[in-house]
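> from the sequence below, what's the structure:
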Amino acid sequence: MTKNNPLVSVLMTVYNREKYIGEAIESILTSTYQNWELIIVDDRSKDSSVAIAKKYAEQDNRIKVFVNSVNLGDYPNRNRAASYAKGKYIKYVDADDKIYPHGLELLVYYMEQFPDSGYGLCSLEQDKMQIYPFEISPKEAYNRHYIEKKSIFHKAPLSAIIKKEVFDEVGGFTGKRMLGDFEMWHILSQKFKVVLMPQGIVWYREHDEQEMSVYKKDPMQPFGYLLISEVFLKSKECPLSIKDIDFALKGIKYNQSRSVLSALKNHSFEKTKELKSAGNLSISSILRNIIKL
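Prediction:
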């Protein structure tokens, strides 16, 4: 990072967000913290998203607008946006979300207190033992998610701030549809400390046009999180003890088995078979997994 570069690169990926993008950009412009650049990368929108973004760019030279030559999809486009970043930190704010006026200032302040951490996660419920922010090790992060059941890895990119050099070191998002952020926090937490931060920093909009709406209709989507969890718990890079890994895996297999039974009750037989096959589960193993826990 050179002397003249901004400390934070705000990354806004866009696809058909003309209804919301103006509000998203305005939330950056009204920040109490001003040492930022806003990189907007449009993924071949068919509406007026680009025109709206360029209008703002004409008014503020910290805003840069790029348009992809082809549609990349969600996570590949997030990687594309990061490739343009010049800041020490990257901060995703999607074109249908917002950040509070004090949001960037808090995120930077929290991260700068913990120079050894690779990334931070906000929007977390109050901790019963200590006040935010605080830093936890890779082992503590996995323990918090899988043993204490505090689900810190179930956070969207909006809730994260990442050191650019760390993002580049791990190669960015893998590109897995809808699972990419959940996967990324696992990857980062294999090697780097994470700063945990409170709520009230970012605002996540919910609407019917979001890809996440598929999550509520197809049981295979939430099941994918359980499959990813199993992969990372079995990885040689998992920082947990063998005892804790075994405990966590039993919980994952229990949840997978419950998901298969739920699909049988609430969805089709074909969908049930799909889940059963993806989890490498038999009827006997499903019953065994449920009874054991």
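
> got the CA positions of the strand or helix carrying Lys55 in PDB?
Taking DSSP states H and E as the criterion, Lys55 maps to helix 49-59. C-alpha atoms of helix 49-59 as PDB (Å, rounded to 0.1, in the frame of the first residue of the first chain):
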ATOM      1  CA  SER A  49     -27.500   0.100 -12.200                       C
ATOM      2  CA  VAL A  50     -24.400   1.100 -14.200                       C
ATOM      3  CA  ALA A  51     -25.900   4.500 -15.200                       C
ATOM      4  CA  ILE A  52     -26.700   5.200 -11.500                       C
ATOM      5  CA  ALA A  53     -23.300   4.200 -10.300                       C
ATOM      6  CA  LYS A  54     -21.500   6.300 -13.000                       C
ATOM      7  CA  LYS A  55     -23.500   9.300 -12.000                       C
ATOM      8  CA  TYR A  56     -22.100   9.100  -8.500                       C
ATOM      9  CA  ALA A  57     -18.600   8.500  -9.800                       C
ATOM     10  CA  GLU A  58     -18.800  11.700 -11.800                       C
ATOM     11  CA  GLN A  59     -19.400  13.500  -8.500                       C
END
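
> can you list contacts of that helix?
Residues from elsewhere that reach helix 49-59 (C-beta atoms under 8 Å, 6 or more residues apart in numbering): 14-18, 21-22, 25, 29, 40, 42, 63-65, 67, 95. Every C-beta, even on glycine, is put in place using the N, C-alpha and C of the backbone.

> try 7 Å this time
14, 16-18, 21-22, 25, 40, 42, 63-65, 67, 95 (C-beta atoms under 7 Å, 6 or more residues apart in numbering).

> can you tell me which of those residues end up in helices?
Among those, the residues falling in helices (DSSP state H) are 21-22, 25.

> those, buried ones only, as a ChimeraX selection?
Of these, the buried ones can be selected in ChimeraX as follows, counting by 16 or more other C-beta atoms under 10 Å:
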select :21,22,25
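
> just the closest of the ones in helices among the contacts of helix 49-59 to Asn35, please.
Nearest to Asn35 among those, counting by C-beta to C-beta, is Ile25 at 17.2 Å.

> which residues does that closest one contact?
38, 56.

> that one and Lys98: what is the separation?
Shown here: Ile25 relative to Lys98, a distance of 10 Å by C-beta to C-beta, to the nearest Å.

> out of the ones in helices among the contacts of helix 49-59, which is nearest to Phe223?
Closest approach between the ones in helices among the contacts of helix 49-59 and Phe223, by C-beta to C-beta: Ile21, at 32.3 Å.

> OK, contacts around the residue lying closest to the closest one once chain neighbours are set aside?
Counting by C-beta to C-beta, 6 or more residues apart in numbering, Ala95 is the residue found nearest to Ile21 once chain neighbours are left out, at 4.4 Å. Contacts for Ala95 (C-beta under 7 Å, 6+ apart) come out as 12, 14, 17, 20-21, 24, 49.

> tell me where the model's unsure across the stretch 101-250 of the chain.
Low-confidence segments of the stretch 101-250 of the chain (pLDDT under 70): 208, 210-216.

> can you give me the strands in it?
117-124, 134-136, 160-163, 193-198, 202-203 (DSSP state E, counting those that start in this stretch).

> neighbour-wise, which one of the contacts of Ala95 leads?
Val14 (29 neighbours; other C-beta atoms under 10 Å).

> and stretch 259-277, how far from the chain's centre?
27 Å (C-alpha atoms, centre = their mean, to the nearest Å).

> residues in contact with it?
So stretch 259-277 is contacted by 219-220, 223, 226, 279, 281, 286 (C-beta under 7 Å, 6+ apart).

> Ala37 bridge partners, please.
In this structure residue 37 is Glu, not Ala. Taking DSSP bridges, one obtains Ser9 as the residues bridged to Glu37.

> for Asp181, grab the count of nearby residues.
22.

> 36 is where my numbering starts, stick with that
Yes, from this point I'll number from 36; that puts the last item at Asp216.

> what sits against it?
190-192.

> let me know which of the strands of the stretch 136-285 of the chain is tucked in deepest.
Stretch with highest mean neighbour count among those: strand 195-198 (a mean of 24; mean count of other C-beta atoms under 10 Å).

> can you name every helix or strand that that one contacts?
Contacts defined by 3 or more C-beta pairs under 7 Å, 6 or more residues apart in numbering; DSSP states H and E place strand 195-198 against strand 124-127, strand 152-159.
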